[in-house]
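S.K.: predicted model, plus sequence, below.
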There are 2 protein chains.
Amino acid sequence: MLGLMQTWPLTVDRLLTHAKTWHGGREIVTRSVEGPIVRTTYTAIEARARRLTNALLALGIAPGDRVATLAWNTARHMEAWYAIMGMGVVCHTVNPRLFRDQLRYIINHAQDRIIFTDVDLLPTLMALRAELPSVEHIVVMTDRAHMADGADAGLLCFEELVEQHPVDAIWGGFDENTAAGLCYTSGTTGDPKGVLYSHRSNVLHSLVTLQSDVMGLSARDVVLPMVPMFHANAWGLALSAPAVGAKLVMPGPKLDGGSVRELIETEGVTFAAAVPTVWEMLLDHLRATGARLPHLKRALIGGAAASDALIRAFEDELGVAVSLAWGMTETSPLGTLGATTPEVEALPPEARRRELSKQGRVPFGVEMKLTDDAGAALPHDGLAFGRLKVRGPYIARAYFAREQESLLDADGFLDTEDVATIDPLGFMQITDRAKDLIKSGGEWISSIAIEDLVSEHPKVALAAVIGVPDPKWAERPLLIVKLHAGEHATREEILGVLDGRIARWWIPNEVRFVDEIALGPTGKVDKKRLRELYASTALDSPRANA
Amino acid sequence: MLGLMQTWPLTVDRLLTHAKTWHGGREIVTRSVEGPIVRTTYTAIEARARRLTNALLALGIAPGDRVATLAWNTARHMEAWYAIMGMGVVCHTVNPRLFRDQLRYIINHAQDRIIFTDVDLLPTLMALRAELPSVEHIVVMTDRAHMADGADAGLLCFEELVEQHPVDAIWGGFDENTAAGLCYTSGTTGDPKGVLYSHRSNVLHSLVTLQSDVMGLSARDVVLPMVPMFHANAWGLALSAPAVGAKLVMPGPKLDGGSVRELIETEGVTFAAAVPTVWEMLLDHLRATGARLPHLKRALIGGAAASDALIRAFEDELGVAVSLAWGMTETSPLGTLGATTPEVEALPPEARRRELSKQGRVPFGVEMKLTDDAGAALPHDGLAFGRLKVRGPYIARAYFAREQESLLDADGFLDTEDVATIDPLGFMQITDRAKDLIKSGGEWISSIAIEDLVSEHPKVALAAVIGVPDPKWAERPLLIVKLHAGEHATREEILGVLDGRIARWWIPNEVRFVDEIALGPTGKVDKKRLRELYASTALDSPRANA
C-alpha cells in the first residue's frame, strides 16, 4: 500500500524559487571578476536565471546535454547553475586550476556543448579552444563593455543573453533522479572520473547539511563560500543558502587574506567555509595587521586536514567556532562534520578538542562503516583502522559514462579508498589514503601519521611520506621534506621528532630535502608524481622492522 | 539523463537505526503509565522494536495491513511505531479522546487488525470490542504483572511479545512511497477522514523540520513532546529526535503542570512542544508555586492560537523563547513556524512581537499561496484574506480509501479550508476556518477576529462566534460567551470591547451567555455543534450592514 501524499519531485530549482518567494530581498554580494563589489537579490537572480534558461533553449540546448562553467564564485555563476540545472541540463563545474591536459580531457569526456567562463579565465580556455570539438559556444560572464576588443569572434556575452531573452522559462517538472551536476575528481590515479549528481541528491544534501548539528544555516546567517563552486559544489552552499534565505557573499577570484577580511567585515559574514590554505592566508593577514573578525561566528574547514595550530588560532585568538568536515567529490561532498555531542561536552577541554579535531561524525543521511580487506566490519574503538565505506542518497554509485562499473560493495557501500578509525564517540579520523599506506614486511605504515608528526618541527614547511620498493620488506617509507625559506636541518634532527612516538619500524629509512613538493590541482601533495620520481630510489639503511 | 547516485529509499526505520548506531546510549525517559519514571536508550528501543516486528510477523501481520495504537507518549509507544512502520505495515494512531462513535468508525474504516493500547485506556477499548470485527488482537503495553487479573482473555502482553521473539527482523527495503502512518482528522464536518502518510513524507518532514529556522533540534537537546503521538505524529518529534540523537522525555498520560514541571527540571528538558492548553496549565502551576524552568530554552506552541498573554508570560517572565507553529493532520503537520528573519529583527520590539505571534513562515519544503474564491492568487500584503493553499512532499493529496477524490486544485495545491493573510515579511495569519466565515450581505465577517477581541474582556472565559440564518443578510453573527465562574455581564458590556475596533456591521446581533461551550475531541470549539444548536435562532436586532 502506498501513501497518499503529494508528488513533489526534489528538484534544485525549488531551492531558488523558495528563496525568491520568501526571502526575495535578501542580498547576494559579489566581489566581481571585473573588480567592484556588486549587489543583487534572490528575486533578481531567479529572474535572470530564467532568462538565461531561455537563452540556452534558443541556442539549441536540450535536457541531458552538458553545459560547463569554468568560473569563480559569483552571483553570475549561481545564475548559470540554476539556469542550466533548472531546465534539466547537466551543469559541469570545471576547476580552472586543472592542468591543461586534464582540462582538455574532461571537457571532451563530458562533451560539453557550451562553456560559461570568467574574463580572466578566457585566455586559458581559448588556448585549448581548437582541441574542444564538442564546444559550440563560449559565454563570457560579463557585460559587453568588459568583453576584450576583437576577441569576440564566436564569444557570447552573458549580460546580452540575459537581456535578450524573456523571463518565462519553466523549470523542473521532471524525474528527481535527473542528472543535475557533473564534477570530475582530480584523479591522482588514472584519468579524471566524473561524479554525476542528481536533483534528488543535491536537494537531500542541502536538507541534511541544514541540520543544526551539521552546517545549520539560518536566514540570519551571512554565508561566505570561499570553497569554489567547482570544488564539490562549494560544499553545497550555493544550494543550501537559498533554501534558508541566507545572505550570500561571493568572493570572486580573490581569496587573499586582505580581500577576504574586508568582505567578512563590511558584509557582516557569520559563516565561512574554505580549505585550510585559505584560512592560513587569512590568519597570516590578521596577525600582520592586527585585524579581527567581529561578525564571524563559525569557520568550516574541509578538503584537507587542518593543523592543530590553525584550529587553536581561530578558536582561542579570534573567538570563532571551528568545525572540521570531511567529504569527497563522490559524497556531494559532506560525509562527516565535527559536531559536538553531550558526551564530548563532558570531556576535559583538551580531550574535547582532540575529538573535535578529528574528521567528525555522520549526520542522518550518511551511513558509514570500517572494514578489513576481506570486507568484515571493524569495531568503533578508535584503534582498528580499515577501509572507510559510505552509503546514502547523495553518494555516487558509478562514474559518468562508466555506469556499468559499480563502485559499491555487496551491501551497496562506496569504498572511499580512505583508511580511517572510528572512536567510541562516533568520531571518524582518516589515517591514510588506502593507496598511500606503505606495506612493510606485511604490516601497514600510515604515511599521514608520520607527516603529521614531522610537520610539528618548526623548520618544516611541508612533509610527504611515500613507500618506495625495497627488496627485503617490499616497501619502506621515504620522507620528503621542504624546509621553510632559509632553514637548514639534518636528517637526524628531523627524524628526531619521531623518536618514541611511533613504532621504530615506521621510521623512514631516508630523508630527502627538496625545494618544492609537487601539488595536484586541488592543492594536495601529488603522491602519484612523487612515487614516479622516487620509484627507483635505493634506500640507505634498512633499519626497518627491527 | 539520470544521475549516478545511490538508491537509498527514505524509509523511517533509518531514523532509528541512525540513532542506535551513532547515539546509541542516549536516553529515552518515560513517565510510565504504570507510574514510575523508566529509562531506556536508542540501542535498547531499536532492538526491542525489531523483536516486536517479529512478533507481528508471527501474528500473521503483513505489509500493507493496518495496526493501531491507542496510547500515550511512552518509549513503548515508540517501539510499537518503529516495529509497525519498519516492516511496511501502516501505523494507525488513534486519539483516545475521540467520542465512542468516532473511535468505532475509524477503527472499522481503517480495518485495523491489531491495536496496541495502554492499561488505563483498555476499558474504553474493551467497551467497544464487540463492535470492532477487524481487530484480531489487542496488545496491552505493559508487563504481565500489570495485566489486570482475569481480563487477559484474548489480550496479548507487550513485554511478553518482546521477550518471546528474536531481534533479527529486517526493516525497510521497500518503495519509499509505501504507506507508513494513518491519522484521522477529527472531523468537525462529516465523517473522520484518514491521512495516509508515506515513509518518504515522514523522512522529508523530519529533515525539513530539523532546519535551524524550524525546530532545529540538536544532539544536545532534551526534547519533551507533550503533544501526543496520536495528534499529527507528535509534530514529528518521535521521528526527528532520533535523526539527530536528541534525548527524549515522554510524559505518558500526565500533562498536569506539576508533572510536566518535574520532568523539565529533573531531565533538563531544553525543547518542549504542546498545544496552548497544556502550556496554560504549566503556567498556572508555575505561578502558583513560584517554580521556574531553568533548562527550558524553547517552547513550541501549535494546534490552536496562543494568546498574547501566554506568549508574554513565557518570554518575559520565564525567559523561554516561544515559537508558534501552524499545521494540520493533512500537512504532517508542519506548515509554518514563527522563525525570525533579519527583517523582523530590525523591527521595534512590539512590532517584532506582533510578527512572531502570527502563524509564521514556510520552510523550504512547503509552498503556500492565498487565493480568492475563483482561485486567483492574492497579494502578500497582510490585508487581502483568502483561501490558504499548500503544496509539498509531505502534504496529503487524498484521504485513505478515497483515493479517487483528489483534494488538490489544478496546480496541485491542497485547500486547507483556512482563511488567512500573508504579510510582506512572509508571515501567515489565520483569520478563520473557511466554513466559519460568516457571509453577511455578500461580504465576509471573520469569526476569529471577533472572538479574539471579545476574549480580551477580563470576565470572558471562552467566546465563539457563529453565523445564523438571517432573512435579509443571509447570515448574521451570533456571539456565544462563557464567563469566568461567578462573573456576570451585560450584552452591552461585552460588545463594548468591539466598538471602534471592527466595522460596525461585523458587530454580532446578539450575545448568548452559556455555562459551557461544546468542545471537539482535540479541545477546539465545536462550531458544527453550535450551528446545529442555534440554527433556528431568531436574532434580535438586525443592526447589520448599517
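M.R.: Sure thing, it's come through.
S.K.: how about the strands in the stretch 151-300 of chain A?
M.R.: In the stretch 151-300 of chain A, the segments counted as strands under DSSP state E, counting those that start in this stretch are A:155-157, A:179-184, A:194-198, A:222-225, A:247-250, A:271-274, A:298-301.
S.K.: buried residues in the fifth one, which are they?
M.R.: Residues of strand A:247-250 classed as buried under the neighbour-count rule (16 or more other Cβ atoms under 10 Å in any protein chain shown) are A:247-250. C-beta coordinates here come from the backbone N, C-alpha and C atoms, glycine included.
S.K.: and for stretch A:402-418?
M.R.: Buried residues in stretch A:402-418 (16+ other Cβ under 10 Å): A:407-408, A:412-418.
S.K.: check stretch A:479-487 too.
M.R.: A:479-483.
S.K.: what mean pLDDT does it have?
M.R.: Regarding stretch A:479-487, the rounded mean pLDDT is 92.
S.K.: ok, residues contacting that stretch?
M.R.: The contact list for stretch A:479-487 (Cβ atoms under 8 Å, 6 or more residues apart in numbering or on different chains) reads A:450, A:454, A:458-466, A:489, A:494-495, A:508, A:510-517, A:530, A:534.
S.K.: now, the residues you listed that are in helices?
M.R.: Within these, residues falling in helices by DSSP state H are A:450, A:454, A:494-495, A:530.
S.K.: closest to chain B among those?
M.R.: residue A:450 (30.4 Å; Cβ to the nearest Cβ).
S.K.: which among the contacts of stretch A:479-487 count as buried?
M.R.: By 16+ other Cβ under 10 Å, the contacts of stretch A:479-487 give A:450, A:454, A:460, A:462-466, A:489, A:494-495, A:508, A:510-512, A:517, A:530, A:534 as buried.
S.K.: can you narrow the residues you listed to ones near chain B?
M.R.: The subset of these lying close to chain B, counting by Cβ under 8 Å from any Cβ of the partner chain, is empty.
S.K.: show me where pLDDT drops low in the stretch 401-546 of chain A?
M.R.: Along the stretch 401-546 of chain A, the parts satisfying pLDDT under 70 run over A:522, A:538-546.
S.K.: what about 80?
M.R.: A:433-435, A:441-444, A:520-524, A:535-546 (pLDDT under 80).
S.K.: ok and the residue in it nearest chain B?
M.R.: For the stretch 401-546 of chain A, Cβ to the nearest Cβ, closest residue to chain B: residue A:426, 4.9 Å.
S.K.: residues in contact with that residue?
M.R.: By Cβ under 8 Å, 6+ apart, the residues touching residue A:426 are A:341, A:361-362, A:380, B:22-23.
S.K.: same check, this time on residue A:109
M.R.: A:184, A:191-192, A:194, A:400-401.
S.K.: need the three-state assignment for it.
M.R.: Look at residue A:109: counting by DSSP: H, G, I helix; E, B strand; the rest coil, its state is helix.
S.K.: repeat that for residue A:106.
M.R.: Following three-state DSSP, residue A:106 is assigned to helix.
S.K.: any idea how many residues pack against it?
M.R.: 25 (other Cβ atoms under 10 Å in any protein chain shown).
S.K.: please apply the same query to residue A:64.
M.R.: Other residues close to residue A:64 by other Cβ under 10 Å number 12.
S.K.: for it, give me its contacts.
M.R.: A:88-90, A:179, B:1.
S.K.: now the residues you listed in TSV, with neighbour count, secondary structure and pLDDT?
M.R.: Below are the contacts of residue A:64 laid out as TSV (neighbours: other Cβ atoms under 10 Å in any protein chain shown; DSSP: H, G, I helix; E, B strand; the rest coil; pLDDT from 0 to 100):
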residue	neighbour count	secondary structure	pLDDT
A:88	24	coil	98
A:89	25	coil	98
A:90	25	strand	98
A:179	24	strand	98
B:1	18	coil	96
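S.K.: can you list those in TSV and add distance to residue B:526?
M.R.: Output for the contacts of residue A:64, formatted as TSV (distance: Cβ to Cβ, whole Å):
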residue	distance to residue B:526
A:88	50
A:89	54
A:90	55
A:179	53
B:1	55
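S.K.: wait, which of the residues you listed is closest to residue B:331?
M.R.: residue A:88 (28.8 Å; Cβ to Cβ).
S.K.: circling back: in the ones in helices among the contacts of stretch A:479-487, find the pair that's most separated.
M.R.: Distances among those were taken as Cβ to Cβ; the most separated pair is A:495 and A:530, at 18.6 Å.
S.K.: list, one by one, the residues from the stretch 351-500 of chain A near chain B.
M.R.: A:361-362, A:364-365, A:367, A:391-400, A:403, A:408, A:412, A:414, A:426.
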